[in-house]
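**Q** Sequence and predicted structure below; questions after.
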Amino acid sequence: SLVRTETKMKLVLIALGAAACHGASVVRPDDDESWAGTLTMPGFAFNVPLNITIQAGVASFAWVYDVDGAGTKCAPDTETGLKWNDDGTTVNATGTGTDPSYYSFIGTHSSPTEVSGQIVWDGKTQGTWTATKGGQMKPSNCGGAASSGPNIWPLPAQYTNANTTVTVTVPSDPTSFFATPTQSDFLNQAFARYASLTFPHIVEAGKGLGAGISGLDVTAASLADDYPQLGDDESYTLTVPVSGRATLKAKTVFGALRGLETFSQLVVFDFESGTFTIPQAPWSITDSPRFPHRGLMIDTARHFQTLASIRTMIDSLPYAKLNVLHWHMSDTQSYPFQSKTYPKLWDGAYSSYERYEQEDIRAIVDYAKARGVRVIVEFDMPGHAGSWCTGYPEICPSTSCTQPLNVANNQTFDVITSVLKECTGGVASAPGNPSPGIFKDNFIHLGGDEVDTSCWISTPSVKSWLDARGLDGDGGYAYFVNRVANIAIEQGHRPVQWSEVFDHFKGNLSKQTIVHIWKSVTNVTEVVALGYQVLVNVGYDKLSWYLDNLNVMWDAVYMNEPCAGVPDNLCPLVLGGHGEMWGETVDPSDIQQTVWPRLAAISERLWSPRDQTQNSAAAHTRIQSFRCLLNRRGIAAAPVNNADARSSPPGPGSCLKQ
């Protein structure tokens, strides 16, 4: 199995040595048959030397993991006793499924002396291998680093590659490197962005001409560029040959965006030659996300985030193939949103300039759309809503006890209905027909967490209203969150509500509701077993996805599995999750380095296959490289190895080593 050390290798060597000492014939590779090549097991070994010896029809495969399942770096492994069957077209070296012949190796000949194929265990592909008959056997090139995958973040679902470094020819207008057979303003804008991201250095005239890769042809089966919604197809295939033009194919423009990001990460500038290159070609990548909903929450109520800051955060999300910005708009401390139906609401802002005009918000939504990012607004209620009372004190229990919002006053719900309609447009967005509302996504977040109903009980008018209906404070809470959820549903939108709402309603909650689980006491399996879709980002524990937990390092974040304990057949009801950047200690001066690179750990967990994200040590070198990429792109990602998020580098040193 993957949890192996040097023990097996030593046993093999000891056995061979013992045989020699007792006069037995030890058959060397050149006495019978040998093959040499490379092996890749995502998460454990990337393009490592593979040495195969065949004696009397029985094969041994030997390699060294970059890091094994126990986290041991440079761990050797040898599969022995594999019956070698080669009919000239296919190769089958069959293992027993247990040590020391754990894996089977299935391959196809591309020539009489070349073979490539899959590594299989229990009917599932575990990796890929290539080999050349009579090829030169090589020692391990493992240096102890867990560089167990290509320098792509997040790790693609499937990929194959080889060992050729190809030159990339960059035209005088780098945007023309990218081409699509059908005119698309959406893709043309993406090409312009990715030209500067992919080719950030100036290449001298004439360098790299006529060699290697001359362009990228991008094809999207559908060029519809509606506002992104849950379930948009983000799959793509990317092929990079050793010469000619690379090809990127996707079903949608959003899949094309994800493929452009992958291509940009394959391209490396060679400072010695002054040219752009793609190492380890040819590449064949088939990729799609594990979860459809992958995002970041920003909190503009605890600290105001400028429009420039928000745009920069949106810029950074597709670098890690994230597709949601959850905008926690208001809270107890401030209400920065412009309502045209209740214009005094933003009297609750911190100041007259720490506000968001509706047209500015629309521009942010369009900016995000161009990058394949959904924007979902949250108005937390009935708790976390004291700032509403500044402009409209009548919708709160009293001037001295401002929250939860006043459940006994119908004007409270009139205000909520109007504000939500400004956001939703009163109808759902449909293909080719977006909602007229400010936000185009068909989700709207209504909060519902951490509600202390003591204000209702201590306010005579509210207490009287509750008593008349036979409700206590908890019953009033249930009435409130159910009523506002129905308002959202009537406006064609699916409400998202925090864990506490499910904890109260259980199976009586509308199935339209998305349950956003942040409390460890909420049983995810119980929620999905009742048929609810969920978002998962449990906060305030050792694996927290709450990014305000500054002492939770990236590797702990990486090991937080959204479907832990959830049966496989119910995992599809887990839509995904977010990194939650609560804003008590975050403003535009430090949000980037507080979010990144830990958000990258979340992004790979949500994008890449589960079996490829089981070992944070295996991802260490890649996330260090990705953090450096973010820095090169102007994102102030903090050092990967910080014990506390956003702290400064410990001293002089390479970006790759901090």
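**A** Yes, it's here.
**Q** how close does Y319 get to P279?
**A** Between Y319 and P279 the computed distance is 20 Å (C-beta to C-beta, to the nearest Å). Just so you know, the C-beta spots here come from the backbone N, C-alpha and C atoms, and that holds for glycine as well.
**Q** Tell me the secondary structure at P404.
**A** Following DSSP: H, G, I helix; E, B strand; the rest coil, P404 is assigned to coil.
**Q** So for Y319 and P279, which residue has more residues nearby?
**A** With neighbours defined as other C-beta atoms under 10 Å, Y319 and P279 compare such that Y319 has more, 22 against 16.
**Q** E261 is in contact with the more buried one, correct?
**A** Yes. Y319 is in contact with E261 according to C-beta atoms under 8 Å; the separation is 6.5 Å.
**Q** so what strands line up beside the longest strand seen in the chain?
**A** In the chain, with assignment by DSSP state E, the single longest strand is strand 73-86. Looking at strand 73-86 with DSSP bridges, its paired strands and their directions are strand 58-67 (antiparallel), strand 90-94 (antiparallel).
**Q** Please name whichever of these is nearest to P49.
**A** Comparison of the strands paired with strand 73-86 against P49 by C-beta to C-beta identifies strand 58-67 as nearest, at 6.5 Å.
**Q** How about the closest one, which residues are buried there?
**A** With burial defined by 16 or more other C-beta atoms under 10 Å, the residues of strand 58-67 counted as buried are 59-67.
**Q** Just send these back as JSON lines, with distance to D217 and pLDDT too.
**A** Rendered in JSON lines, the data for the buried residues of strand 58-67 read as follows (distance: C-beta to C-beta, whole Å; pLDDT from 0 to 100):
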{"residue": "A59", "distance to D217": "41", "pLDDT": "93"}
{"residue": "S60", "distance to D217": "43", "pLDDT": "93"}
{"residue": "F61", "distance to D217": "38", "pLDDT": "94"}
{"residue": "A62", "distance to D217": "40", "pLDDT": "92"}
{"residue": "W63", "distance to D217": "36", "pLDDT": "91"}
{"residue": "V64", "distance to D217": "38", "pLDDT": "90"}
{"residue": "Y65", "distance to D217": "37", "pLDDT": "86"}
{"residue": "D66", "distance to D217": "33", "pLDDT": "78"}
{"residue": "V67", "distance to D217": "36", "pLDDT": "74"}
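**Q** biggest separation within these, which pair?
**A** When the buried residues of strand 58-67 are compared pair by pair using C-beta to C-beta, the two farthest from each other are A59 and V67, 25.0 Å apart.
**Q** pLDDT weak spots in the chain?
**A** Applying pLDDT under 70 to the chain flags residues 1-31, 42-43, 69-71, 141-149, 205-206, 208-211.
**Q** let's see 50
**A** 1-31, 143-148 (pLDDT under 50).
**Q** Centre-most residue in this structure?
**A** With distances taken as C-alpha atoms, centre = their mean, the residue of the chain nearest its centroid is S603 (2.1 Å).
**Q** what's the closest non-adjacent residue to that one?
**A** Closest residue in space to S603, ignoring its immediate chain neighbours: A320 at 3.7 Å, by C-beta to C-beta, 6 or more residues apart in numbering.
**Q** Tell me the spacing between the one you found and P289.
**A** Taking C-beta to C-beta as the criterion, A320 is separated from P289 by 11 Å.
**Q** any common contacting residues for those two?
**A** By C-beta atoms under 8 Å, 6 or more residues apart in numbering, A320 and P289 have these common neighbours: W607.
**Q** nearest to A564, of the strands paired with strand 73-86?
**A** Taking C-beta to C-beta as the criterion, strand 58-67 is the member of the strands paired with strand 73-86 that comes nearest to A564, at 21.8 Å.
**Q** What is the distance between that closest one and the centre of its chain?
**A** A distance of 31 Å separates the centroid of the chain from that of strand 58-67, by C-alpha atoms, centre = their mean, to the nearest Å.
**Q** re earlier: just so I know, which of the strands paired with strand 73-86 lies nearest A162?
**A** Taking C-beta to C-beta as the measure, the strands paired with strand 73-86 were each checked against A162, and strand 58-67 came out nearest at 16.4 Å.
**Q** With D611 as the reference, measure out to M41.
**A** Counting by C-beta to C-beta - M41 and D611 are separated by 10 Å.
**Q** more crowded one of the two?
**A** Applying other C-beta under 10 Å to M41 and D611 shows that M41 carries more neighbours, namely 26 against 12.
**Q** So in terms of bridging, what pairs with the more buried one?
**A** In this structure, M41 has beta-bridge partners A45, where bridges are defined by DSSP bridges.
**Q** Can you give me the distance of it to D587?
**A** Distance from M41 to D587, counting by C-beta to C-beta: 43 Å.
**Q** With R633 instead?
**A** Taking C-beta to C-beta as the criterion, R633 is separated from D587 by 22 Å.
**Q** How about R632?
**A** To D587, R632 is 24 Å away according to C-beta to C-beta.
**Q** more neighbours, those two?
**A** Comparing R632 with D587 by other C-beta under 10 Å, the one with more neighbours is D587, at 15 against 12.
**Q** Where does the nearest residue to that one once chain neighbours are set aside fall, secondary structure wise?
**A** What sits nearest to D587 in space, not counting adjacent residues and going by C-beta to C-beta, 6+ apart, is H303, at 4.0 Å. Element membership for H303, per DSSP states H and E: none, as it lies in no helix or strand.
**Q** residues near V253, how many?
**A** Neighbour count for V253, taken as other C-beta under 10 Å: 24.
**Q** I meant Y103, not that one.
**A** The tally of other residues near Y103 (other C-beta under 10 Å) stands at 25.
**Q** switch to numbering from 101
**A** In the new numbering, first residue 101, that becomes Y203.
**Q** which residues does it contact?
**A** For Y203, the contacting residues are 161, 179, 195, 219-221, 226, taking C-beta under 8 Å, 6+ apart as the criterion.
**Q** Mind checking which of the residues you listed land in strands?
**A** Going by DSSP E, the strands hold 161, 179, 219-221, 226 from the contacts of Y203.
**Q** I'd like the distance between the closest residue to R402 other than its chain neighbours and S384.
**A** Counting by C-beta to C-beta, 6+ apart, the nearest residue to R402 once its immediate chain neighbours are dropped is G683, at 3.5 Å. Applying C-beta to C-beta, one obtains 43 Å for the distance of G683 from S384.
**Q** So these two - more neighbours on which side?
**A** With other C-beta under 10 Å as the criterion, G683 and S384 differ in neighbour count, and G683 comes out ahead with 21 against 15.
**Q** Produce a ChimeraX select command limited to the buried residues of the contacts of Y203.
**A** Burial among these is assessed by 16+ other C-beta under 10 Å; the matching ChimeraX selection reads:
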select :161,179,195,219,220,226
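**Q** Adding distance to A449, write the contacts of Y203 out as a markdown table.
**A** Shown next, in a markdown table, are these (distance: C-beta to C-beta, whole Å):
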| residue | distance to A449 |
| --- | --- |
| F161 | 65 |
| E179 | 65 |
| G195 | 66 |
| I219 | 58 |
| V220 | 60 |
| W221 | 58 |
| Q226 | 55 |
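**Q** for the contacts of Y203, which one is nearest Y450?
**A** Top of the list for closeness to Y450, among the contacts of Y203 and by C-beta to C-beta, is Q226 at 54.2 Å.
**Q** Confirm for me that the closest one is in contact with M141.
**A** Yes. Assessed by C-beta under 8 Å, Q226 is found in contact with M141 at 5.8 Å.
**Q** so what sits against both of those two?
**A** Between them, Q226 and M141 share the contacting residues I219, judged by C-beta under 8 Å, 6+ apart.
**Q** Just the endpoints, please. Distance across stretch 147-164?
**A** 10 Å (C-alpha to C-alpha, to the nearest Å).
**Q** try stretch 366-380
**A** Between the start and the finish of stretch 366-380 there is a gap of 9 Å, counting by C-alpha to C-alpha.
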